[in-house]
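Trainee: Below are the sequence and a predicted model for it; my questions follow.
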Amino acid sequence: MKVSLNWLKDYIDLKGIPSNDIVERLTMSGLEVEDVVDETAIYKDFIVAYVKEKKKHPNADKLSLCTVNTGTEDLQVICGAPNVEAGQKVVFAPIGTLIPKGNFKITKAKIRGVESYGMICAEDELDLSDDHSGIMVLDEKVSVGKSIADELSLNDTIMEIAITPNRPDALSHIGVARDLAAIYNKEFKLPWFKLQESSHKVKDFASVEIEDTENCPRYTAMVVRNVKVKESPEWLKNRLTKIGLRPINNVVDITNFVMYELGQPLHAFDLDRLAGHKIIVKSTEVESTFKTLDSKERKLPAGTLIICDGEKPVAIAGVMGGENSEISNSTKNILIESAFFNPASVRRTSKRLGLSTEASYRFERWVDPSGTLPAAERTAQLIAELGEGEILNGVIDVYPEKIIEKEVPLRFERIKRVLGYSIPNEKVISILKRLGLKVKFESEKEYRFSVPTYRSDIEREIDLIEEIARINGYDNIPTISKISISLGEKVDESSFVDQTREIACVLGFYEMLNNPLQGEDLTEITGNRIQVLNPQSIDMAYLRTSLIPGALTAVAKNINVGEKNLKLFEIGNVFNLNPDKEKIESFYDFTEVQKLVFILTGKENEKTWQQQEKLFDIYSLKGIVDSYLLRLSLDKAAADSYYHNEETIYDLYFTKSYKGKILGTGGRIKKELLKQFDIPQDVFCFEFDLNLLRSIKPEQRKYKEPLKYPKSTRDLAFVFEKSVTYEQVIKFIWQMSSELLKSVRIFDLFENPSLGKSKKSMAFSLEYYSEERTLTEEEIEKEFSKLISEVTKKFNATLRGT
Amino acid sequence: MLEEKISEINSGFNQDIVTIKDQKQLEELRIKYFSRNGLVSQLFNELKNASKEEKPVLGKSLNTLRNDLTARFDSLKVKLEISKEKEEDKIDLSLPGTRRIIGSRHLITQTLDEIKTIFKGLGFSVVGGPELESDYNNFGALNFPPNHPARDMQDTFFITEDFLLRTHTSPVQIRVMEKYKPPIRVIMPGLCYRNEAISSRSYCVFHQVEGLYVDTDVTFAELKGTLVSFAQQFYGEGLKYRFRPSFFPFTEPSAEMDITCFLCHGKGCRVCKHSGWLEILGCGMVDPNVFDNVNIDHEKYTGYAFGMGIERTALLKYGIDDIRIFFENDFRFLRQF
Ligand SMILES: [Zn+2]
């Protein structure tokens, strides 16, 4: 909300306090000033000047060569505006002046060969409006040579204040002034005016009836007759333009002015357009349509609080008036509405209609129910004054159940308990009094205060403590430098994920973070997705069911910018609706699981002067998965299964499982899917379920004494049928060997016509040893030759000559 | 006579050996002393002329001399050979080594970890919670009344009327207080969602770290002390700070903590919107209504809570001007950190 410092000064004496101090203190007491425009600083260098003479520029048709008198000297100035004429008083920027628009300094310039000593300004250059049609021509009355800051009253300080939702009372100049009074311990005065009523009784001209008193607890109305709707006087237009409002006519401007002054939204009806001169406040029973004063046809759902006349709706209560009862230039008689509507009701209507106005913004936060009457009177008086109208005698004030002031107790010791320091009782009481609270009960340890109705946020002791804390200043709360820590059990639920990240990094992976909100195309690949009710766009309408689509998107994007060799990982949550559910009604209807994805593509290493280039393949992926599990001490626990061409997203893949539960799946992404992502190269990825993985207790590793006896290695190669897998052979070798065999490693694999048709060679290196003794040559030889004969027999293999 | 010669040869050898620089000179030295007509052999020839009594003594001295000189010659020879080898090997050490690529955690994770480490040092536990939350945990239990404008502070993605994507990590506070009894001292990091227009300053998902401390005598003064300690560890000693009153439905009194803008040192710049201050976190004393909602006696216990956005923190710390870069996963960005 924009607040004018000059306007505030109508209610509080701030003489001698610099504006930056006011800004600082407001911010530090909870009314955060987000931006400040100090007009005096901006406009002090601009002066009123007199155009003595205007000639044509010798070298340019559209430019004028003017002689400008600044009060002290005559200057030659070139002006491009079509409306500049001799005899005008204008805004002049001498050399050195900083122009607000564009933020540049005026210098001596040569324009088409003629020198110019300053600039005659248009409104847009001064940031006063967007008007650049011509220069500003000033009133005759202004004095040449004086700064425009004074002459045009451009000497205000405009603050943009961010009002938090708990402080609707501060959504007005009075509200801000009230806080300032408490901050500076100063007197604060409400606007003073004298209501001049005619002898005609208002009750004879209009009536008000509330049907829905729950949603409209109070409705105050006044009538002003024979009003002249016309342009507002300068002072009023000035007040409004300073805070960014566009003046319209005196009646509309006055309702706006009073709203920004007192915080009460007001509405002015053309009384003669109200059928039966009647106001009825009620909630609609059926859906209907209504044309608001912005000429838009709006659909009102059943249960919308509306204002009706004797026949028809004339306004949406608290939100916007209707076109059918709007003030026009020919309006004569005005009914002023000053009401208190139920905040929740106004908010509901505003949300349903998608229509938020300055009025609804205030009503849905809370306006002062006690303030409707003074606001109506203030408005009536101003309309009568500025529109030469006649205020009818009396007020129509329907207020069936008075909202009374709350009483809140305060124990002084509790202040120290919460804030950590003591404030003298007298000071506490004085702060609360300055904020408008009254002492209702007092004892040594406890007071009870009544809270004015404009402070809806103060209901409990803690709310009083907050008021005391903020007005006394958070800076005064000590910053202690010693804390005590209880020695209970500490948990770190993130430690497993941290360990996973560390391993992934050591394995050469970079961490990525993808948006869990994804489009239809990505989420339909995997899982039973959950939809967002109010998505921002169709690309973000679903929650991810897997980390893989996001990872593929990242890969595609990188390949697109020339980053073709990638090793990425992500840890994130994925969401799936349970298969038998249509909609989430409880936490048991869906799963949210933390997953880990490894994704690789391109080259494992580039060709170097020492190494050959190598592309990632399925075995790179397998190795990474195994290394990860090994580091978690889960390598022994997890079992492998292999598949070709069965699942939807891989053409070959494998799983890791533990006690029948699949810990993770991964493999080579199918070509069709890669095409969908525009990825022209092989991509390998593996996705782990971290919730499962975390739940497995790894075997506690035990120290093993280093081997004291020598190891013996034997190498051998067999020629197999191509259909024989590595796994079959290795399982068999382990199965038929004695415990002397300690490791088997495949070190060569090839196919070659010389081996025979559909044959392949696999070479193994075997390691034998015992922890208890040195093995003899004979023992090893026996093992080894048994292995050869069994393997050849089992697989119909032949031993290759070594 | 002979003894004199022995000592002469010895000192002569001492002088000669220091001048040897290469194989050629070494060979000359060998010829001079150890060849058949070399100086040492000559002495052995002269031994024949010695008397019977002198012979054993001189013979012994002569042998010592020979062994001594030979040993020194050999060691020099080895030394020269090593340097010869090095020269011949021609290892070009300027060739690049074989590098192993070690990946890295995302900058957001790194920032989060840094924050986590500091709070763990202050005795905080680390706890997580789900992203798909109930409206109750995210709003209701945190003292956001239904249909209240306070909800507008956090634009929400809804899944159903009662379930949503959490807009802050604060619902984890509710889960923790429902599960554990005070004293509770935890931080709760995690991903949050806001239905805000995507721009360089805001994105629809972001990370937060929430903190909560509940005990019998927790005060605002301790909240200030703890957060100042955090800020000094994270942003550097000697920074200036201020606590500004603010509003969060689940804390009362509430505050926002600002530190002096470290880009302009308080003079005012674009990043701090010319205020000289940077807002780094929101905090406050746990609202008694929240305690009531989790059945903690608000007369007996007090507590503080705080929360900060990680993306914003990282933007400031690393001078990044577009928040979207964190979720683009551009390898050229990821590799930088
Ligand atoms: Zn700055």
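Mentor: Received, thanks.
Trainee: remind me which residues of chain B are low pLDDT?
Mentor: For chain B, applying pLDDT under 70 flags the ranges B:1, B:84-89.
Trainee: residues touching the nearest residue to residue A:384 once chain neighbours are set aside, list them.
Mentor: Leaving aside its sequence neighbours, residue A:384 sits nearest to residue A:391 (Cβ to Cβ, 6 or more residues apart in numbering or on different chains; 4.9 Å). For every residue, glycine as well, the C-beta is placed using N, CA and C. Going by Cβ atoms under 8 Å, 6 or more residues apart in numbering or on different chains, residue A:391 touches A:195-198, A:222-224, A:380-381, A:384.
Trainee: what mean pLDDT does the host helix or strand of residue A:391 have?
Mentor: Using DSSP states H and E, residue A:391 falls within strand A:390-393. Computed over strand A:390-393, the mean pLDDT rounds to 95.
Trainee: strand partners of the helix or strand that comes right after that strand, parallel vs antiparallel please.
Mentor: The helix or strand immediately downstream of strand A:390-393 is strand A:396-398, counting by DSSP H and E. Strand A:396-398 pairs in its sheet with strand A:218-225 (antiparallel), by DSSP bridges.
Trainee: quick one: average confidence on the partner strand?
Mentor: The pLDDT scores in strand A:218-225 average 96.
Trainee: Would you mark the buried spots in the next helix-or-strand element following that strand?
Mentor: Remark: after strand A:218-225, the chain's next helix or strand is helix A:234-242, criterion DSSP H and E. By neighbour count with 16 or more other Cβ atoms under 10 Å in any protein chain shown, helix A:234-242 contains the buried residues A:236-240, A:242.
Trainee: Is the residue nearest to residue A:384 bridged to anything, and to what?
Mentor: Judged by DSSP bridges, the bridge partners of residue A:391 are residue A:197, residue A:224.
Trainee: Tell me who's in contact with whichever residue of chain A sits closest to chain B.
Mentor: Distance from chain B to each residue of chain A (Cβ to the nearest Cβ) is smallest for residue A:420, at 2.8 Å. When the contact criterion is Cβ under 8 Å, 6+ apart, the partners of residue A:420 are A:477-478, A:480, B:219-222.
Trainee: As a markdown table, those with distance to the ion and neighbour count would be great.
Mentor: Compiled in a markdown table, those are given as follows (distance: Cβ to the ion, whole Å; neighbours: other Cβ atoms under 10 Å in any protein chain shown):
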| residue | distance to the ion | neighbour count |
| --- | --- | --- |
| A:477 | 26 | 21 |
| A:478 | 28 | 14 |
| A:480 | 29 | 18 |
| B:219 | 31 | 20 |
| B:220 | 27 | 26 |
| B:221 | 28 | 17 |
| B:222 | 29 | 21 |
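Trainee: Filter these down to the ones in helices?
Mentor: The helices, defined by DSSP state H, take in B:220-222 from the contacts of residue A:420.
Trainee: just these now: which is nearest residue A:691?
Mentor: Using Cβ to Cβ, the shortest approach to residue A:691 within the ones in helices among the contacts of residue A:420 belongs to residue B:222, at 35.8 Å.
Trainee: who's in contact with the closest one?
Mentor: When contacts are counted by Cβ under 8 Å, 6+ apart, residue B:222 touches A:420, A:480, A:483, B:213, B:304.
Trainee: coming back round to it: how about the contacts of residue A:391, which pair is most distant?
Mentor: Greatest spatial distance in these: A:196 and A:223, 13.9 Å, computed using Cβ to Cβ.
Trainee: Could you check which of those two is surrounded by more residues?
Mentor: Ranked by neighbour count (other Cβ atoms under 10 Å in any protein chain shown), residue A:196 and residue A:223 place residue A:223 first, with 28 against 11.
Trainee: which stretches of chain A have low pLDDT?
Mentor: Checking chain A against pLDDT under 70 turns up A:525, A:645-647, A:801-802.
Trainee: the longest helix in it is where?
Mentor: Chain A, longest helix under DSSP H: helix A:777-795.
Trainee: Show me what that helix packs onto, helices and strands only.
Mentor: With contacts taken as 3 or more Cβ pairs under 8 Å, 6 or more residues apart in numbering or on different chains; DSSP states H and E, helix A:777-795 sits against strand A:712-721, helix A:726-736, strand A:759-768, strand A:798-799.
Trainee: And the next helix or strand past the longest one?
Mentor: Put plainly, it is helix A:726-736. On the C-terminal side of helix A:726-736, the closest following helix or strand by DSSP H and E is strand A:741-750.
Trainee: who does that next one touch, helix- and strand-wise?
Mentor: Applying 3+ Cβ pairs under 8 Å, 6+ apart, one finds that strand A:741-750 contacts helix A:726-736, strand A:759-768.
Trainee: Could you say which of those is packed most deeply?
Mentor: Burial of these is given as mean neighbour count (mean count of other Cβ atoms under 10 Å in any protein chain shown); strand A:759-768 ranks first at a mean of 18.
Trainee: List the neighbouring strands of that one plus their orientation.
Mentor: Using DSSP bridges, the strands paired with strand A:759-768 are strand A:712-721 (antiparallel), strand A:741-750 (antiparallel).
Trainee: Can I get the ones you listed in JSON lines including mean neighbour count?
Mentor: Output for the strands paired with strand A:759-768, formatted as JSON lines (neighbours: other Cβ atoms under 10 Å in any protein chain shown):
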{"stretch": "strand A:712-721", "mean neighbour count": "17"}
{"stretch": "strand A:741-750", "mean neighbour count": "13"}
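Trainee: quick one: which of those strands is nearest residue B:43?
Mentor: Proximity to residue B:43 (Cβ to Cβ) singles out strand A:712-721 among the strands paired with strand A:759-768, at 57.7 Å.
Trainee: quick one: that closest one to helix A:777-795, angle?
Mentor: Angle, strand A:712-721 to helix A:777-795, by axes from the mean of the first three to the mean of the last three Cα atoms, to 10 degrees: 10 degrees.
Trainee: Quick one: residues in contact with strand A:712-721.
Mentor: Residues from elsewhere that reach strand A:712-721 (Cβ under 8 Å, 6+ apart): A:729, A:747-748, A:755-756, A:758-769, A:775, A:780, A:784, A:787-788, A:791-792, A:795-800, A:802.
Trainee: Let's see that with 6 Å instead.
Mentor: A:755, A:759-763, A:765-768, A:780, A:784, A:795, A:797-800 (Cβ atoms under 6 Å, 6 or more residues apart in numbering or on different chains).
Trainee: Where do the helices of the stretch 301-450 of chain A begin and end?
Mentor: Ranges of helices in the stretch 301-450 of chain A, per DSSP state H, counting those that start in this stretch, are A:343-353, A:358-363, A:372-386, A:412-419, A:425-434.
Trainee: Show the residue spans covered by the strands in the stretch 51-200 of chain B.
Mentor: Using DSSP state E, counting those that start in this stretch, the strands found in the stretch 51-200 of chain B span residues B:125-126, B:132-134, B:163-165, B:184-193.
Trainee: Go through the helices and strands packed on strand A:741-750 and name the closest to residue A:270.
Mentor: Per Cβ to Cβ, nearest to residue A:270 of these: helix A:726-736, 89.9 Å.
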